[in-house]
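A.B. asks: Okay, here's the prediction I keep looking at, along with the sequence it came from:
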Amino acid sequence: MKRLILIIIPLSLFFGMPACKKAKGPANGNSVQPNNNLDSTVGMTATINGRDWKSDSAYGYFVLKSGNDSSNVNLMITATQKLNDTARTITFNINNYTGPNSYTINPPFNTATYYVGNFRHFSDSGIVIVASDTAYGLRGTFYFKADTFTIAAGRFDVAIP
């Protein structure tokens with residue numbers, strides 16, 4: 001019995017080791033870019049009160065409704081910049097997202113929020129324009145006002161999970 005175990009363990013290790021290999025190159029997932037290069041264009045830019053703003057990270061999410069029978073989907077886009085140990089975040093929530101279109105900021109249905117650290121600044125006017133919606137990403141522009149902040153000349157290019 002001991003001889004059989006001494007033979008089985010090395011054989012299983014010998015045949016199991018080739019299964020443990022690392023994929024070469026960048027992630028094997030599809031890119032936002034049509035040529036499937038690295039996602040160097042993914043991000044968000046804007047001008048906030050006349051100053052340039054560029055995100056460190058940007059994400060797009062489809063949020064399904066709670067009922068299984070609903071074909072409606074919501075869209076959430078979030079981008080964050082860390083500056084002087086303070087996170088600055090722009091978030092959009094689009095209710096009943098239907099694809100490329102102009103979405104007016106009209107809370108509580110479509111919202112835009114600008115966060116500076118833990119302080120929230122809600123928008124009551126503005127627009128988010130989704131120009132293209134591919135299987136891999138969303139591209140578009142935006143403009144909104146949130147309290148004393150004017151967020152203008154905004155552009156986003158986010159991957160969709």
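C.D. replies: Received, thanks.
A.B. asks: residues contacting residue 137?
C.D. replies: 32, 42, 60, 157, 158, 159, 160 (Cβ atoms under 8 Å, 6 or more residues apart in numbering). From N, CA and C alone the C-beta is placed, and that goes for glycine too.
A.B. asks: confidence score at it?
C.D. replies: For residue 137, the pLDDT comes out at 85.
A.B. asks: Give the bridge partners for it, please.
C.D. replies: Here residue 137 shows beta-bridge partners residue 159, assigned using DSSP bridges.
A.B. asks: With residue 87 as the reference, measure out to it.
C.D. replies: Distance of residue 137 to residue 87, given as Cβ to Cβ, to the nearest Å: 23 Å.
A.B. asks: can you check residue 65 too?
C.D. replies: Going from residue 65 to residue 87 by Cβ to Cβ gives 29 Å.
A.B. asks: Find the nearest non-adjacent residue to residue 78, please.
C.D. replies: Excluding the flanking residues, the one nearest residue 78 by Cβ to Cβ, 6 or more residues apart in numbering is residue 91, at 4.9 Å.
A.B. asks: Name the next helix or strand downstream of the one helix or strand the one you found maps to, please.
C.D. replies: Using DSSP states H and E, the element containing residue 91 is strand 86-94. Scanning forward in sequence from strand 86-94 by DSSP H and E, the next helix or strand is strand 101-104.
A.B. asks: What helices and strands are in contact with the helix or strand just after that following strand?
C.D. replies: Once strand 101-104 ends, the next helix or strand along the chain (criterion: DSSP H and E) is strand 111-116. Packing partners of strand 111-116 (3 or more Cβ pairs under 8 Å, 6 or more residues apart in numbering; DSSP states H and E): strand 86-94, strand 119-133, strand 137-146, strand 149-159.
A.B. asks: among those strands, which is nearest residue 78?
C.D. replies: strand 86-94 (4.9 Å; Cβ to Cβ).
A.B. asks: Same question for that closest one: list its buried residues.
C.D. replies: Judged by neighbour count (16 or more other Cβ atoms under 10 Å), strand 86-94 contains these buried residues: 88, 89, 90, 92, 93, 94.
A.B. asks: Test my guess that the fifth one contacts residue 78.
C.D. replies: Meaning residue 93. No: using Cβ atoms under 8 Å, residue 93 is not in contact with residue 78; the gap is 9.5 Å.
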